[in-house]
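# here are the coordinates; sequence isn't available:
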C-alpha cells in the first residue's frame, strides 16, 4: 500500500481541493526526500566538549567570586576603624556604646557589603559584637552546638587567615562559610574577625542557566558528596541536603577530572563532565551534566530529513501479530473522528477506523490519558497558513488544544517528563508535523512513540488507563493484526540506534 493515504471527501470547492492537494504533496515530497549520506557530526564528542567548557566557565566564575571576597577579608587587619573598635571593646563584654556600634555597622555595610555578617570574637570564643546580632551574638563559639561547627574547629589554634567549609549554621538558619582573620596587637593575639559568607551568591552563579539547554545544569559537591547548590529539577532547596553518590562524584574524588555517561542523582542517563579543585584547604567537585534524551533530540532536530526517512523505513518492516476478532464494541469510552476524550484510572478509551486520519494520545501512566482522532484537516498534518485560510472553519488543532489543556489542568510543569505521547497511523502524513509540535513544547524524543503499519487498511486503538496498556488493531483486506505500544521503541531509542 502507498504510504500516503488519500484525502477524505470534504466539502471544498474545486479550486480549494486542488490547492490543498498540491500543498500536501509538495510538503510530503520535501519531507521524504532522503539524502544519500548520514549525519557526520558526533553528538557525543560535541556534548562532552560543551560540558567541559561550561564546567570551566562556572568554576572560574566561582573562584573569581571567592578571590574577590578574600581580597576584602585581607584588608581587615589594615582597617584602622574596625581594628580600633576591636581593641577598645575586646575586654568590655558588658559595655555598650550604641553610637559607636552604629558607626561600625555603617562602615561594614559601605566597605564589606559583599559579606553577610562580621563577628568580633575574643580568644575565648566569645562574640562581643556582630553586625546582624543573630543567635551567635554574645555567645561563645566553643560552647554547646556552636562548638561542634566547622567554624569552631577551624578557629581553635588559628593564627592566620583561614577559610571554613560550607555548613548549616543555625544562628543564621542557612548554609554559610567563613573567612577567619586573626587580630593581633604588638604580637599579642586578641581574637578574630570572622566574615560570614552566605551561599546565595555561589548558588546564583551555578544556577544561572543563560544559554543552557533544557536539562543542562552545573552544580557543586563537597567531599561528603553533599550538593552545595540547588538542583534545577527539585523544587525544595538541595544545598547540604542532597547526597550525590554517583559514579561521577566517586571518580572525581579519585581522579581529579574526566567525562563519562552515568546515571545521575535523579536516575536519568546523563553526559557528565567533572573536576575536583581546591580553594584554600577545601576540596570541591564541580559537575556539568545534560540528559542524554536532550542530546539525542537536538541531534535529531539538526538532521530531521535523514532520521525521519530512516524511522519510517524501519517501522514499515515491523512484524505484527495476526489474531482472530478485534476491538469489543462495548469496550470503553468511544472517540470518533474529530473528537477527543479523557480517561482516568479504571477507564478504557477506544477509537476505530483510523485510516486517512491519525490517532493521537497523551498518557500519564496510572493517572489519566487523552485520546484524539484527528482528520487530515488538522494542523497536526502541517497545514500552512494558506491551507488553514482556505479550509476556514473545517481545520482543527487537537494537538495544540490537548497540550494546552494538560499543562493548564492536569500537571505541574515539573511533571511534563512523566507524560508519554503516541502517534498511530497507517500513513506518514501527520508524523513529522506532530513530532515537531511536541518538540516545540520541550518534549524529548524518548517520550514519543510512532505506531505505524503502512500495509493496513485501517486501525483501532484501546487505552487501559490503569494498566497503561495500549493495544493497536490493524485491519487488512482479509486479516486482523494486533500490536502493543510497549513493543515499539520510542523515537529517542530509534534515533540513538541510528547514530
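Done, it's in. Being a predicted model, the structure only gives us computed values, none of them experimental.
# my guess is residue 86 meets residue 191, correct?
Yes. Residue 86 is in contact with residue 191 according to C-beta atoms under 8 Å; the separation is 7.2 Å. All C-beta spots, glycine's among them, are computed from the backbone N, C-alpha and C.
# list phi and psi for the closest residue to residue 374 other than its chain neighbours.
With C-beta to C-beta, 6 or more residues apart in numbering as the measure, residue 398 is the residue that lies nearest to residue 374, at 4.7 Å, once sequence neighbours are left out. The phi/psi pair for residue 398 (degrees, to the nearest 10) reads phi -70, psi -30.
# tally up the residues packed near residue 398, please.
The local packing count at residue 398 equals 21, with neighbours defined by other C-beta atoms under 10 Å.
# residue 346 too?
Counted with other C-beta under 10 Å, residues neighbouring residue 346 total 8.
# where does the prediction get shaky in the stretch 1-150 of the chain?
Across the stretch 1-150 of the chain, residues meeting the criterion (pLDDT under 70) sit at 1-38, 93-96.
# over to the stretch 251-400 of the chain?
Residue ranges of the stretch 251-400 of the chain with pLDDT under 70: 383-393.
# before we move on, the earlier item: for residue 86 and residue 191, list the residues in contact with both.
Contact criterion C-beta atoms under 8 Å, 6 or more residues apart in numbering; residues bridging residue 86 and residue 191 by contacting each: 120, 183.
# elements contacting the one helix or strand residue 299 maps to?
In this assignment (DSSP states H and E), residue 299 forms part of helix 292-302. Helices and strands touching helix 292-302, by 3 or more C-beta pairs under 8 Å, 6 or more residues apart in numbering; DSSP states H and E, are helix 43-74, strand 269-279, helix 491-498.
# turn those into JSON lines, including mean neighbour count.
Written out in JSON lines, the entries for the helices and strands packed on helix 292-302 read as follows (neighbours: other C-beta atoms under 10 Å):
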{"stretch": "helix 43-74", "mean neighbour count": "16"}
{"stretch": "strand 269-279", "mean neighbour count": "20"}
{"stretch": "helix 491-498", "mean neighbour count": "19"}
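# tell me which of those sits nearest to residue 443.
Each of the helices and strands packed on helix 292-302 was scored for nearness to residue 443 using C-beta to C-beta, and the closest is helix 491-498 (10.4 Å).
# how much space is there between the closest residue in space to residue 475 that isn't next to it in sequence and residue 359?
If the residues on either side of it in the chain are set aside, residue 475 comes closest to residue 458, at 5.0 Å by C-beta to C-beta, 6+ apart. In this structure, residue 458 and residue 359 are 11 Å apart, going by C-beta to C-beta, to the nearest Å.
# so can I have CSV of the helices and strands packed on helix 292-302 showing distance to residue 478?
Shown next, in CSV, are the helices and strands packed on helix 292-302 (distance: least, C-beta to C-beta, whole Å):
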stretch, distance to residue 478
helix 43-74, 45
strand 269-279, 44
helix 491-498, 30
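# for residue 381, which non-adjacent residue is closest in space?
Residue 381 sits nearest to residue 430 (C-beta to C-beta, 6+ apart), 4.9 Å away.
# for residue 221, which residues make a bridge with it?
Judged by DSSP bridges, the bridge partners of residue 221 are residue 227, residue 285.
# for it, list the residues it contacts.
Taking C-beta under 8 Å, 6+ apart as the criterion, residue 221 is in contact with 227, 228, 244, 249, 252, 284, 285, 286, 287.
# helix/strand/coil for residue 248?
helix (DSSP: H, G, I helix; E, B strand; the rest coil).
# tally up the residues packed near it, please.
Residue 248 sits with 25 neighbouring residues when counted by other C-beta under 10 Å.
# so how far is residue 45 from it?
Going from residue 248 to residue 45 by C-beta to C-beta gives 18 Å.
# where along the stretch 1-150 of the chain do the helices fall?
14-32, 43-74, 80-89, 98-111, 150-155 (DSSP state H, counting those that start in this stretch).
# out of these, nearest to residue 260?
Among those, helix 43-74 comes nearest to residue 260, with 8.9 Å by C-beta to C-beta.
# the closest one: how far from the chain's middle?
When distances are taken as C-alpha atoms, centre = their mean, to the nearest Å, helix 43-74 is centred 20 Å away from the chain's centroid.
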